[in-house]
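Novice: sequence and predicted structure, then a few things I'm wondering about:
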Amino acid sequence: MNPLHRKTKMKSDAAAFVFTLVALFVVVATPAQAQIPTPTVLYEFQGAPTDAPNPFGAMAQGRDGNLYGTGTARGANFRGGVWKITPSGTETLLVSFPSTYNNCQGLTLGMDGNFYGDCFGGGAHNLGLIYRVTPAGVLTDLHDFDGLANDGTPFQGPPVLGPDGNLYGQTGNSNTLSGSIYRITPAGVYKNLNALSGGYSLPSPLTFGSDGNLYTTVATAPVFGNRGAVVRITTGGAIKTVYGFVDTTGSFPNSGVIQGTDGKLYGTTSFGGAHGNGTIYKVSTAGAFTELHSTDNPTGPANYNDLLQATNGDFYGAGFGGGTGNQGDIYELTSADVFSSFLLDQSTKAALGNQPAAPLMQHTNGTIFGTNSTGGSPFPAQGTFFSLNIGASPFIRLVSPVPAGIEGSQIGILGQKFSASSVVKFGGVTAMTKVLTGSTFILATVPGGALTGSVTVTTGTTTLTSNQTFKVKPTLKTFTPVSGPVGTLVTITGTGLKQASKVMFNGTSASFTVKSDTQITATVRTGATSGKIAVTTTGGTITSSTSFTVN
């Protein structure tokens, strides 16, 4: 039962990669940045009425610091259920799915503290449903899919949280559609945003970019030789191709994309590349593509789960297939382009499990956690929950896919060891209003004068920092006067104006002075024409709702 590790070093150049097999060996120690750590099994799911084995789909960290996920088997009704598990591995079956639910996979934490998921089958029409489950185990059916043109059938995992607090998801094939993108409110109000026609089909899991748009991959896309594409979708449903895949550097995406800290999108393909077995890649939101690693099955992954970028900057993934005996693996791609994998096979099945059917996730304690859908011991174990210690420090995570907000908005913060004396700061400015839930969640109000930057929580001598930069979005409330000739001094009021970098009158730059976080004065320059005023800060750009008239 000796696990195997594999490590390779790649060139960054997308046109030429040197793939070097460095080692296949039994692990004795874990040198820094040399190989992926050995996973540690913390819990083995059992085929019993009080458990929901065969874990599938994304896990979510709750406000209580525990992890929540779904199993597709057993439970009280042989339909699986939702389980809760502590970071140390103590598992509780939260709720068994009713017999009317079928093939439910993965959860997303909502801004309200509840979890949201979908089922690929069951519901009123036996075509799937979207549900909500509370941390106490109260289960509510929010929407039943009907497979018609305004609906579809669920596909590829749970809906994702949007910056507006709603949930967004995708459907697969139905009688009339090749897929669609939908939005549903926490109360269950459902709307189909885009029926994927015109050659687009079968979207992968969605992710929100920092620009507020959705990004995903599709199996087919117009113009690009039917090899798949990365696409951008607005929250209004407009779709645009970002990049079309080609065989030489990877084709047929088998996961969605995530956005890295550098703003690029990262994902995997199942075919193409130097070995014909797929690639790990990055692509800018403007479509500039770079191949990062070419997979060499059977000793490499077959990637069917989204990537994770941990706080150390490296990328981690779990492949359902690939590896020895096609049992999957757990892998790492460092920022220095060093690839290593932990191969899962029949020899590791009893000890570690195999065939991971969920993306890895990083808890705010710094540890990476994952699940294997099968294996474990003693019999009849059916899947495992494991940890991956990468030596990362604890941090805080904001409950928002797009870490941005105006002054006065409320932001959820996940972490640990919080107390009533904890001090929350946005870009170094203290939040005076906060609500503590236990020791693992804070609801904080963005203070006046907050600055774009990291969010920190200081408790005693310990300071935890967010894994994302929080942008303080500006507002523009009034400007006076509303008209005047060139040379007029205009007073602009709003919030979040302290970090202003540009003021424009209908596209023409103006000289300006920041008076305070709530006030700017700007002088109308020669060449300015009548139109709206725009103020740009480090948190974004805001445009006035009315126009300034140049006399």
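Specialist: Arrived safely. Numbers count the residues shown, from 1 in each chain.
Novice: report the central residue of the protein.
Specialist: residue 207 (5.4 Å; C-alpha atoms, centre = their mean).
Novice: surely it meets residue 257?
Specialist: Yes. Using C-beta atoms under 8 Å as the test, residue 207 is close enough to residue 257 to be in contact (6.0 Å). In this view, the C-beta of every residue, glycine as well, is placed from N, C-alpha and C.
Novice: identify the contacts common to those two.
Specialist: 215-216, 306 (C-beta atoms under 8 Å, 6 or more residues apart in numbering).
Novice: low-confidence ranges, this structure, go.
Specialist: Along the chain, the model assigns pLDDT under 70 to residues 1-34, 149-150, 152-156, 173-179, 195-202, 221-225, 297-303, 322-324, 380.
Novice: quick one: which of the shared contacts of residue 207 and residue 257 is nearest residue 359?
Specialist: residue 306 (4.5 Å; C-beta to C-beta).
Novice: with adjacent residues omitted, what lies nearest to the closest one?
Specialist: Closest residue to residue 306 apart from its sequence neighbours, by C-beta to C-beta, 6 or more residues apart in numbering: residue 359 at 4.5 Å.
Novice: about what we covered before: out of the shared contacts of residue 207 and residue 257, which end up buried?
Specialist: 215-216, 306 (16 or more other C-beta atoms under 10 Å).
Novice: of those, closest to residue 45?
Specialist: Nearest member of these to residue 45, counting by C-beta to C-beta, is residue 306, at 21.9 Å.
Novice: my guess is that closest one contacts residue 256, does it?
Specialist: Yes. Applying C-beta under 8 Å as the test, residue 306 and residue 256 come out as touching, 5.1 Å apart.
Novice: so residue 549 touches residue 481, yeah?
Specialist: No. Counting by C-beta under 8 Å, residue 549 stays clear of residue 481, with 9.3 Å between them.
Novice: can you read off the backbone torsions of residue 352?
Specialist: phi -120, psi -20 (degrees, to the nearest 10).
Novice: pull the contacting residues for it.
Specialist: Neighbours of residue 352 in contact, by C-beta under 8 Å, 6+ apart: 3, 39, 41, 344, 372, 375-376, 384, 386.
Novice: quick check, nearest of those to residue 119?
Specialist: residue 372 (21.5 Å).
Novice: apart from its chain neighbours, what residue comes closest to that closest one?
Specialist: Nearest one to residue 372, counting by C-beta to C-beta, 6+ apart, is residue 353 at 3.1 Å.
Novice: what is the neighbour count of that neighbour?
Specialist: 30 (other C-beta atoms under 10 Å).
Novice: contacts for stretch 446-456?
Specialist: 396, 398, 403, 405-411, 413, 424-433, 463-466, 469-472, 495-496, 498-499, 517-518, 537-539.
Novice: buried among those residues? Make that a PyMOL selection.
Specialist: Of the contacts of stretch 446-456, the buried ones go into a single PyMOL selection, burial set by 16+ other C-beta under 10 Å:
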select buried, resi 396+398+403+405+406+407+411+413+424+425+426+427+429+431+464+465+466+469+470+471+472+495+496+498+499+517+518+537+538+539
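Novice: which of the contacts of stretch 446-456 fall within strands?
Specialist: 398, 405, 410-411, 413, 424-426, 429-430, 463-466, 469-472, 495, 537 (DSSP state E).
Novice: surely residue 487 and residue 511 touch.
Specialist: No. Judged on C-beta under 8 Å, residue 487 makes no contact with residue 511 at a distance of 10.5 Å.
Novice: identify the contacts common to these two.
Specialist: Counting by C-beta under 8 Å, 6+ apart, the residues touching both residue 487 and residue 511 are residue 523.
Novice: before we move on, back to that, common neighbours of residue 306 and residue 256, please.
Specialist: With C-beta under 8 Å, 6+ apart as the test, residue 306 and residue 256 both reach 205, 207, 267.
Novice: ok, of those residues, which one's closest to residue 366?
Specialist: residue 207 (22.3 Å).
Novice: surely residue 128 is in contact with residue 104?
Specialist: No. Taking C-beta under 8 Å as the definition, residue 128 is not a contact partner of residue 104, at 9.1 Å.
Novice: which residues do the two both contact?
Specialist: Shared contacts of residue 128 and residue 104, counting by C-beta under 8 Å, 6+ apart, come down to 118-120, 122.
Novice: which of the residues you listed tops the neighbour count?
Specialist: residue 118 (32 neighbours).
Novice: identify the residues contacting it.
Specialist: Residue 118 sits in contact with 104-106, 128-131, 154, 157-159, 169, where contact means C-beta under 8 Å, 6+ apart.
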